[in-house]
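>>> Build me a structure from this.
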Amino acid sequence: MLKRVQSLCHSSVLSTLVVFFVSLGMCDPACSQTVSCGRTGSLKQSIASFINLGQSCGTVVSTGVLVATLASLEVSTAPLGTATGGFTFTFDPSLGVVKRSSRTFGPLFADRSLTSGRFKISTGFNWLYSTYNSLGGQNLRNGDFHPFQKETHGFSISPDVSFASTILNLSSSTVVAFGTFGVTDSMDVGVAVPWTSVGASGSSNLVTTSGQNVFPSTLASTSAAGVGDVALFGKVRVWRQEGGGVAAAVDVRLPTGDVDSLRGLGVTRTLVSGIWSRDGRISPHASAGFEFWSQPIILRNAGDNQKVQFPAAIPNPAVAVDGQFKYAAGVEIAAGPRLTILADIVGRQLRSGGQIGYESFKNVFNGTTDGLVAIQGGAHGVSLAPGVKWNIWREVLLTGNVLLSLSNNGLQSNIVAVAGMDVSF
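Prediction:
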């Protein structure tokens, strides 16, 4: 890949030379021709290189790795659907038989306190497809995404670049295979294995103060697929009531997904949560918990770049994500003996990071540039999840859902399509 002048910006001597040559109209070749960026190393490296190619010769802030890391955060922490089977059973001592413990087939993106039943097994899969529409409120698909903007120059240069206009087409497809085993009438254990494919393509231009598009670059369509972060989970029903009660759950996500392919975070995550539910023709449920991470995901190191605060620059604070709070609530409606209608609100709040914003930096043109950087503050997303579960035959369920994003100040997918199947034995 052609080197860019911004790689020289850490040296004041070389920066001075850059300013001199730019003033003569002799900017780095990478800034004076169309650049096509194909697969360069990993998927993460390809996205980062493409975003960085769409930056001005004078920009000293690199947003490429930040965007790729935020994509990995979203893909890896997005809800995969509950792995608890739709059929739950309990032993009735008065009749001496095992019977169903609920009139509904349970939620998909929330959970309920009921367990599968002693020695009962459920297995199946969920398929989820996401296209990502915006990042930090900026549309990724129509050119409104600006890795930098408001660039000023201390002397006349041509072309007089003002901002970058970037289109990034990013999508993911995940198939989650799961299995649950009822150890006792009140305890379940299980495993969920996601297979995730992430794809990306894009185009970018620098835009001058007169509105002219210059220095185009492209990201050829590229993708990577493989196992994501595998989940091991357990649930114990700690307080019983007819068709419901309270349960405690632990979900451990292992660092099995490839970080450079945006399928994993490289840390062990442990979610501890409490669950409440009640049975009926209309069955409410709610859950909440915190996911502890074995180490933080660094979005920005302390001192990275230097914010402009005349007469002197000041160092930036570190920004990292080190866990998330998750919650869900909703209802299941028994529309018939074979059909359950679902409606859930699903939310999560990353702790300490995940948001982006602009900060002003000095550039090599003796001016300033507003660069897009990680800022302190946890990204928060809330989705509405309507859907159905249909008992097509014996103990076989088909599931159809959508996740409709209501708000997300991180990387947002407006609509996530979901389909699945669940079989109990």
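
>>> Show me where the chain has its helices.
12-23, 43-53, 64-77 (DSSP state H).

>>> Packing partners of the second one?
Under the contact criterion of 3 or more C-beta pairs under 8 Å, 6 or more residues apart in numbering; DSSP states H and E, helix 43-53 touches strand 35-37, helix 64-77, strand 161-184, strand 187-208, strand 213-227. Every residue, glycine included, has its C-beta placed from N, CA and C.

>>> Format those as TSV; extra columns: distance to Lys235.
Shown next, in TSV, are those (distance: least, C-beta to C-beta, whole Å):
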stretch	distance to Lys235
strand 35-37	46
helix 64-77	20
strand 161-184	9
strand 187-208	5
strand 213-227	24
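
>>> and those as TSV, adding distance to Leu299 and mean neighbour count?
Putting those into TSV (distance: least, C-beta to C-beta, whole Å; neighbours: other C-beta atoms under 10 Å) gives the following:
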stretch	distance to Leu299	mean neighbour count
strand 35-37	23	18
helix 64-77	6	24
strand 161-184	18	20
strand 187-208	19	21
strand 213-227	21	17
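
>>> any chance of those in CSV, plus distance to Ser49 and mean pLDDT?
Below are the helices and strands packed on helix 43-53 laid out as CSV (distance: least, C-beta to C-beta, whole Å; pLDDT from 0 to 100):
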stretch, distance to Ser49, mean pLDDT
strand 35-37, 6, 56
helix 64-77, 6, 93
strand 161-184, 13, 96
strand 187-208, 11, 96
strand 213-227, 8, 94
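
>>> got the contact list for the closest residue in space to Arg278 that isn't next to it in sequence?
Distance criterion C-beta to C-beta, 6 or more residues apart in numbering; nearest residue to Arg278, sequence neighbours excluded, is Gly244 at 3.9 Å. If you count contacts by C-beta atoms under 8 Å, 6 or more residues apart in numbering, Gly244 has them with 112-114, 276-279, 283.

>>> Just the buried residues of those.
Among those, those scoring as buried are 112-114, 276-279, 283 (criterion: 16 or more other C-beta atoms under 10 Å).

>>> What residues does the residue nearest to Glu74 when sequence neighbours are not counted make contact with?
With C-beta to C-beta, 6+ apart as the criterion, Glu74 has its nearest non-adjacent residue at 4.1 Å, and that residue is Leu411. Contacts for Leu411 (C-beta under 8 Å, 6+ apart) come out as 70-71, 73-74, 132, 134-135, 379.

>>> now these in TSV, with distance to Phe290?
As requested, the contacts of Leu411 are exported to TSV (distance: C-beta to C-beta, whole Å):
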residue	distance to Phe290
Leu70	21
Ala71	24
Leu73	17
Glu74	19
Tyr132	25
Ser134	27
Leu135	25
Ala379	16
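
>>> quick check, nearest of the residues you listed to Glu151?
Leu135 (20.1 Å; C-beta to C-beta).
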